[in-house]
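Participant: got a structure for you, letters missing:
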């Protein structure tokens with residue numbers, strides 16, 4: 001099982017969230033890679049059973065490079081059926097994670113609710129929430145894997 005956490009962070013806050021989510025996934029012995037969207041390869045998205053994507057919000061939207069990533073790179077990997085999660089830090093309004101989750105659903109992904117939005121720099125409590133999301137992703141991956149195994153055996 002593999003998971004990937006992809007982020008776009010303008011001030012470092014969403015990156016810190018991504019790392020904490022990755023730590024949560026890893027704590028459940030699931031292989032995870034945390035990577036800037038600039039450096040992610042389509043094959044890494046293809047190989048992952050779960051994809052968490054985070055972006056900061058800018059003028060009530062996700063940043064343009066992240067929007068392009070979602071509409072081109074993610075779409076090209078046909079992520080239908082994969083597990084998805086959306087997160088991000090924001091200063092005013094925080095729409096980007098909601099927009100990411102909507103796009104994931106549009107592409108046929110199973111999105112974990114609620115999306116994780118954190119105002120400004122994550123506190124220790126916020127980082128625990130991020131880690132918890134990672135744990136939840138890993139546990140959901142394991143449930144899905146067991147279910148798929150059981151269906152194969154029938």
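Facilitator: Looks like it came in fine. No experiment lies behind these values; they were computed from the predicted model shown.
Participant: find the centremost residue of this protein, please.
Facilitator: The residue lying closest to the centre of the chain (CA atoms, centre = their mean) is residue 52, at 1.1 Å.
Participant: next, count neighbours for the closest residue to it other than its chain neighbours.
Facilitator: Closest residue to residue 52 apart from its sequence neighbours, by CB to CB, 6 or more residues apart in numbering: residue 85 at 4.1 Å. The way it works is simple: take the backbone N, C-alpha and C, and place the C-beta from them, glycine included. By the criterion of other CB atoms under 10 Å, residue 85 has 29 neighbours.
Participant: contacting residues for residue 85?
Facilitator: 21, 50-53, 111-112, 115-116, 133, 137 (CB atoms under 8 Å, 6 or more residues apart in numbering).
Participant: just those residues: which are in strands?
Facilitator: Counting by DSSP state E, the members of these that fall within strands are 50-53, 111, 116.
Participant: please tell me which one of the residues you listed counts the most neighbours.
Facilitator: residue 52 leads these on contacts (other CB under 10 Å) with 31 neighbours.
Participant: so that one makes contact with residue 87?
Facilitator: Yes. The criterion here is CB atoms under 8 Å, and residue 52 meets it with residue 87 at 6.6 Å.
Participant: joint contacts of those two?
Facilitator: 18, 21, 133.
Participant: looking at these, which is nearest residue 59?
Facilitator: residue 18 (21.8 Å; CB to CB).
Participant: now that closest one: which helix or strand?
Facilitator: Using DSSP states H and E, residue 18 falls within helix 13-26.
Participant: please, where are all the strands along this structure?
Facilitator: Using DSSP E, strands in the chain cover 2-8, 31-36, 50-55, 57-58, 61-62, 83-90, 110-111, 116-119.
Participant: got JSON lines for these, with distance to residue 149 and mean pLDDT too?
Facilitator: Output for the strands of the chain, formatted as JSON lines (distance: least, CB to CB, whole Å; pLDDT from 0 to 100):
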{"stretch": "strand 2-8", "distance to residue 149": "17", "mean pLDDT": "96"}
{"stretch": "strand 31-36", "distance to residue 149": "18", "mean pLDDT": "96"}
{"stretch": "strand 50-55", "distance to residue 149": "17", "mean pLDDT": "96"}
{"stretch": "strand 57-58", "distance to residue 149": "39", "mean pLDDT": "80"}
{"stretch": "strand 61-62", "distance to residue 149": "36", "mean pLDDT": "82"}
{"stretch": "strand 83-90", "distance to residue 149": "16", "mean pLDDT": "94"}
{"stretch": "strand 110-111", "distance to residue 149": "18", "mean pLDDT": "96"}
{"stretch": "strand 116-119", "distance to residue 149": "29", "mean pLDDT": "92"}
